[in-house]
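Q: need a 3D model of the sequence below.
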Amino acid sequence: MTPKFDSTKFRLLEIVDKSASSIDVAFGDPFILYDKPSDQYYLYGTGGTENGFIAYSSKDLIQWKEVGKVYDGRQPKGWGTKDFWAPEVYLVNDKYYMYYSAHWKENPEDKLENYRIGVAVADNPAGPFLDLTGKPLFDPGYPIIDANVFRDTDGKNYLFYSRCCYEHPVASEIADWAKSKWGYKDIEESWVYGVELDSSMQQVIGRPALLIRPPLKMNDKQSEWESRSVSSGEINRRWTEGSFLLKAKGQYYIMYSANYFAGANYAVGYATSTSPLGSYSKSETNPIIQKNTDHGGVISGTGHNSIFKDRNGKLRCVYHGRTTKTGDKRMVFIRDIRFNKDNQLQIESE
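A: Modelled structure (predicted):
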């Protein structure tokens, strides 16, 4: 039988207008750094080159200029072989730290998804970013992607990441239904974890904590939107990835993406906690970024967002999406964010 997901329980937030305005950059997993020393914005993301990353710069968040390749995985201490994804860059003590995902060359079991997270350092936001150790930041024993780093007001540092779906089957009511409906052998899942970093921002402290995972029960309020790729028969995986942590209104907001990253149902929700490492409660307003093609719009595949402050200190959200005009290209969108009277995180439409 079809899962009894009640869509009326979910509030749809139309986060983009039907004209599908975006900046003219084709990137996945976008991240923007406002660099105060140069008074410029730098945009990093997945795509545009092989074996590394390129970047764009802008003075006004509207006109962007490619600055070239800022990280090359073929450098002497490079440890990745392919699939260079989701870079994020932070300025700390006059150094620029880039955290990114790649396929680790040390792969004795010949895993198809042997992803880990690395860190490279530069003196300039335009690079070149250089790996320091010739190996990933750490090895939790399973493939991981989508690094996000958070520096708290108490001086502590944290790394958030997603465990890949690969070889991670999970039992649930949704999995039972999908296996019966579509004949899947298993339903694999990715989960978001967090772990503390030391002051060097290159070593983890303690064991990672599980923070966000897909719902287990059909009647969970989050099940409908987080299970769309599975319930539609698109694929046998449920993702929780692309996390980003924000501290505001006396609490912590962790944003995350769910569903197939290459499909129309990719969407963003968030959860809140009183501590960086949880526990987290998902928002009843989820998803806050999603496709609008069901309502006359032209955007789908919206996800993997990050948040930045512009030069005036205003919080902005950047994410990728596909439009009917651009096809499979992932284009970059920038929107304002705000908090309502109940401190719920919302994405402003144009």
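
Q: ok, which stretches of the stretch 51-200 of the chain are strands?
A: Secondary structure of the stretch 51-200 of the chain (DSSP state E, counting those that start in this stretch): strands located at 52-58, 65-72, 85-92, 95-103, 115-122, 130-131, 144-151, 157-163, 188-189, 191-197.

Q: just give the number of residues close to the closest residue to Ala258 other than its chain neighbours.
A: Leaving aside its chain neighbours, Ala258 sits nearest to Glu226 (4.3 Å; criterion: CB to CB, 6 or more residues apart in numbering). Backbone N, C-alpha and C define where each C-beta goes, glycine included. Neighbour count for Glu226, taken as other CB atoms under 10 Å: 30.

Q: and Lys77, by the same measure?
A: 12.

Q: out of the strands of the stretch 51-200 of the chain, nearest to Arg330?
A: strand 85-92 (11.8 Å; CB to CB).

Q: pull up the pairing partners for that closest one, direction included.
A: strand 95-103 (antiparallel) (DSSP bridges).

Q: now the helices for the stretch 101-250 of the chain?
A: According to DSSP state H, counting those that start in this stretch, the stretch 101-250 of the chain carries its helices in the segments 173-182, 223-226, 228-231.

Q: what's the residue nearest to Ile187 when sequence neighbours are not counted in contact with, if anything?
A: Excluding the flanking residues, the one nearest Ile187 by CB to CB, 6+ apart is Ala175, at 3.8 Å. Ala175 sits next to Pro169, Asp186, Ile187, Val230 when contact means CB atoms under 8 Å, 6 or more residues apart in numbering.

Q: give me the distance between the last one and Arg322.
A: Translated: Val230. 20 Å (CB to CB, to the nearest Å).

Q: can you pick out the residue with more neighbours from the two?
A: Taking other CB under 10 Å, Val230 and Arg322 do not tie; Val230 has more neighbours (31 against 24).

Q: list the contacts of the more buried one.
A: Ile174, Ala175, Ala178, Ile187, Asn236, Arg237, Arg238.

Q: go again using 6 Å as the cut-off
A: Val230 makes contacts with Ala178, Arg238, as judged by CB atoms under 6 Å, 6 or more residues apart in numbering.

Q: next one, pLDDT for it please.
A: pLDDT recorded at Val230 is 97.

Q: check the one 3 residues further on too.
A: pLDDT for Gly233: 97.

Q: tell me which residues in stretch 52-71 are buried?
A: 52-58, 61, 64, 67, 69-71 (16 or more other CB atoms under 10 Å).

Q: before we move on, what about stretch 164-173?
A: Cys164, Cys165, His168, Val170, Ser172.

Q: ok, stretch 257-268 next?
A: Buried, per 16+ other CB under 10 Å, within stretch 257-268: Ser257, Ala258, Asn259, Tyr260, Phe261, Gly263, Ala264, Asn265, Tyr266, Ala267, Val268.

Q: and the residues you listed as CSV, adding pLDDT and distance to Leu211?
A: Formatted as CSV, these follow (pLDDT from 0 to 100; distance: CB to CB, whole Å):
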residue, pLDDT, distance to Leu211
Ser257, 98, 14
Ala258, 98, 14
Asn259, 98, 18
Tyr260, 97, 21
Phe261, 96, 19
Gly263, 95, 24
Ala264, 96, 26
Asn265, 97, 22
Tyr266, 98, 20
Ala267, 98, 18
Val268, 98, 16
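
Q: follow-up on the earlier one: so the residue nearest to Ala258 sits against Ser257, correct?
A: No - applying CB atoms under 6 Å, one finds Glu226 not in contact with Ser257, separated by 9.9 Å.

Q: hang on, the earlier thing: just put the buried residues of stretch 52-71 in CSV and tack on pLDDT.
A: Below are the buried residues of stretch 52-71 laid out as CSV (pLDDT from 0 to 100):
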residue, pLDDT
Gly52, 98
Phe53, 98
Ile54, 98
Ala55, 98
Tyr56, 98
Ser57, 98
Ser58, 98
Leu61, 96
Trp64, 97
Val67, 97
Lys69, 98
Val70, 98
Tyr71, 98
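
Q: contacting residues for Tyr161?
A: Ile117, Ile144, Asp146, Ala147, Tyr193.

Q: residues contacting Val89?
A: Leu33, Tyr44, Tyr96, Met98.

Q: no, scratch that, I was asking about Asn236
A: Here Asn236 is in contact with Tyr184, Ile187 (CB under 6 Å, 6+ apart).

Q: how much space between it and Thr272?
A: Taking CB to CB, one finds Asn236 at 30 Å from Thr272.
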